[in-house]
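K.L.:
Task: produce atomic coordinates for the following.
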Amino acid sequence: MLTALLYGLIASSGFVVGTAIGLTTEPPRRVVAAIVAFGAGVLVSALAFDLMEEAFETGTAVWTIGGFMLGAVIYVVIDMGLDRLAAESPKRTGRDPEDVVPGAERIPQSREQATVSGLALLVGTVLDGIPENAAIGISLVAEDAGGLGLVLMGAVFMSNLPASITSAIGMRHEGRSRLFIISAWGTVAIACTAAAVLGYVLLGGLAPNLIATMLALAAGGIIAMLADTMMPEAFEHGGPGVALATATGFSCAFLLSRYTG
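P.N.:
A predicted model of the protein is given here:
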């Protein structure tokens, strides 16, 4: 359990570092896009060659693919609902970091609108991080060696960093206070660290097919998040050049997986 806690803390520290960067500076969008693309490449490698491979070796194909598709469906359904909630604020058009109306800080909104929108942002950021961090804990249950957990820890850190940078900047543009931003991302970091620990503690006694399902469930949530958020955002702000950053991230994660697995 201590290993799961340590891995979860390190992976979630990307939220803290990214929030600090987003609060104190505003990096060029192309730089952030390159970081997002690199993190996306890392996650693609991790879910394809580690999570899904481990799931398939642990359980049957039916349980693995079923869990994978269920994870994607759950993510999409929750994501659609959060987008609608966030868009109730006149300052936003959705819950993604860049979905801020120009001049949002000067647009008035009711307390109820601010609360609903803020809750959607908070739950949305937790939603993005939970599958990844839970997979870390589950991976430590699924194998004796630490290779898979190590790869996932690095992959999750690299995806958390740009997500928190862009979100902190978006919240600043919306007019959110520093206290709100720090509290929101602090909560996300705690929740995601807890997900890694709970993934290890609660799933340790499950049957192999159920462990395979949970690994694949996390992978399905991750790939839905990649398609819905990370890759479109990277391309929008970085252009075709982000493909090289994605390929670099994939290569680094693949080599790490081969040499630590």
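
K.L.:
residues of the helix or strand that contains Ala20 that come out buried?
P.N.:
Taking DSSP states H and E as the definition, Ala20 sits inside helix 2-24. Within helix 2-24, the residues scored as buried using 16 or more other C-beta atoms under 10 Å are 4-5, 7-12, 14-16, 18-19, 21-23. Using the backbone N, CA and C atoms, a C-beta is placed for each residue, glycine as well.

K.L.:
With respect to pLDDT, which of the residues you listed ranks lowest?
P.N.:
Ranked by pLDDT, the buried residues of helix 2-24 bottom out at Ala4 (81).

K.L.:
Give me the mean pLDDT for the following helix or strand past the helix holding Ala20.
P.N.:
For helix 2-24, the succeeding helix or strand toward the C-terminus, using DSSP H and E, is helix 29-46. In this model, helix 29-46 has an average pLDDT of 85.

K.L.:
Same check on stretch 131-139?
P.N.:
pLDDT averaged over stretch 131-139 gives 76.

K.L.:
Please enumerate residues in contact with it?
P.N.:
The contact list for stretch 131-139, computed with C-beta atoms under 8 Å, 6 or more residues apart in numbering, reads 4, 7-8, 11-12, 43, 50-51, 54, 71, 75, 148-149, 152-153, 155-156, 159-160, 192-193, 195-201, 203, 211, 214-215, 217-222, 225.

K.L.:
which secondary structure elements does the helix holding Ala20 contact?
P.N.:
Judged by 3 or more C-beta pairs under 8 Å, 6 or more residues apart in numbering; DSSP states H and E, helix 2-24 is in contact with helix 111-142, helix 147-174, helix 178-203.

K.L.:
Export those helices as CSV, with columns for distance to Leu244 and mean neighbour count.
P.N.:
Formatted as CSV, these follow (distance: least, C-beta to C-beta, whole Å; neighbours: other C-beta atoms under 10 Å):
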stretch, distance to Leu244, mean neighbour count
helix 111-142, 23, 23
helix 147-174, 16, 25
helix 178-203, 29, 20
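
K.L.:
how about the ones you listed in TSV, adding distance to Ala243?
P.N.:
Listed next are the helices and strands packed on helix 2-24 as TSV, based on distance: least, C-beta to C-beta, whole Å:
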stretch	distance to Ala243
helix 111-142	22
helix 147-174	16
helix 178-203	28
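
K.L.:
For Thr229, find the nearest of these.
P.N.:
helix 111-142 (6.7 Å; C-beta to C-beta).

K.L.:
where's the nearest residue to Gly22 once chain neighbours are set aside relative to Glu236, distance?
P.N.:
What sits nearest to Gly22 in space, not counting adjacent residues and going by C-beta to C-beta, 6 or more residues apart in numbering, is Ala168, at 2.6 Å. Ala168 sits 18 Å away from Glu236, going by C-beta to C-beta, to the nearest Å.
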